[in-house]
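In: Sequence first, then the predicted structure:
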Amino acid sequence: MSTPTSSGALPVPARRGELRIADRVFVRIATQAVQRELAGHWAGRPERGAPPRVSVQILHGTARLTLHLELPFPADLAALARAARDAAAAQVSGLTGTPVGEVTVLVERLLSAGGGR
């Protein structure tokens with residue numbers, strides 16, 4: 001922790017250091033946000049999809065997320081993808097203070113209500 005100068009003011013920002021959030025933190029936040037958002041859509045189904053896989057890339061202080069999802073079918077896939085995207089972006093930016101510039105959603109697999117693939 002930085003100590004104030006004799007005048008009581010903090011040193012200039014460059015001398016105080018910087019905060020770096022590990023990529024795995026962004027991944028975990030986004031993963032949990034997507035799981036919470038989609039949980040209700042899996043209710044009552046015999047089989048649930050695998051947890052979302054998330055990758056993150058931080059470029060110039062802005063996060064880019066990629067979400068790999070398994071979704072229930074039949075369902076409004078566009079609405080589910082949009083909800084997952086919005087939840088991940090809001091949670092990541094809200095908890096880390098890092099703006100989210102882009103979220104790519106890839107639907108990897110659909111699981112029918114009957115359990116067929």
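Out: Here it is on my side, so go on.
In: mind checking how far the residue sitting nearest the centre point of the chain is from Gly8?
Out: The residue lying closest to the centre of the chain (CA atoms, centre = their mean) is Ala30, at 1.9 Å. Distance, Ala30 to Gly8, using CB to CB, to the nearest Å: 40 Å. (C-beta placed from N, C-alpha, C; glycine too.)
In: what's the answer for Ala83, then?
Out: Separation of Ala83 from Gly8 (CB to CB): 49 Å.
In: Those two: which has the busier surroundings?
Out: Higher neighbour count among Ala83 and Gly8: Ala83, with 16 against 6, using other CB atoms under 10 Å.
In: Quick check: nearest residue in space to the more buried one, chain neighbours excluded?
Out: Once flanking residues are discounted, Ala83 sits nearest to Glu37: 5.2 Å by CB to CB, 6 or more residues apart in numbering.
In: all strands for the chain, in order.
Out: Listed in chain order, the strands of the chain (DSSP state E) span 53-59, 62-73, 100-112.
In: out of these, deepest packed?
Out: The highest mean neighbour count among these, using mean count of other CB atoms under 10 Å, belongs to strand 62-73: a mean of 19.
In: Figure out how far that one is from the centre of its chain.
Out: 8 Å (CA atoms, centre = their mean, to the nearest Å).
In: Please apply the same query to stretch 66-80.
Out: Per CA atoms, centre = their mean, the centroid offset for stretch 66-80 relative to its chain is 15 Å.
In: Show me what that stretch is in contact with.
Out: Stretch 66-80 has contacts (CB atoms under 8 Å, 6 or more residues apart in numbering) with 30, 34, 38, 41-42, 45, 49-50, 52-56, 81, 84-85, 88, 103-113.
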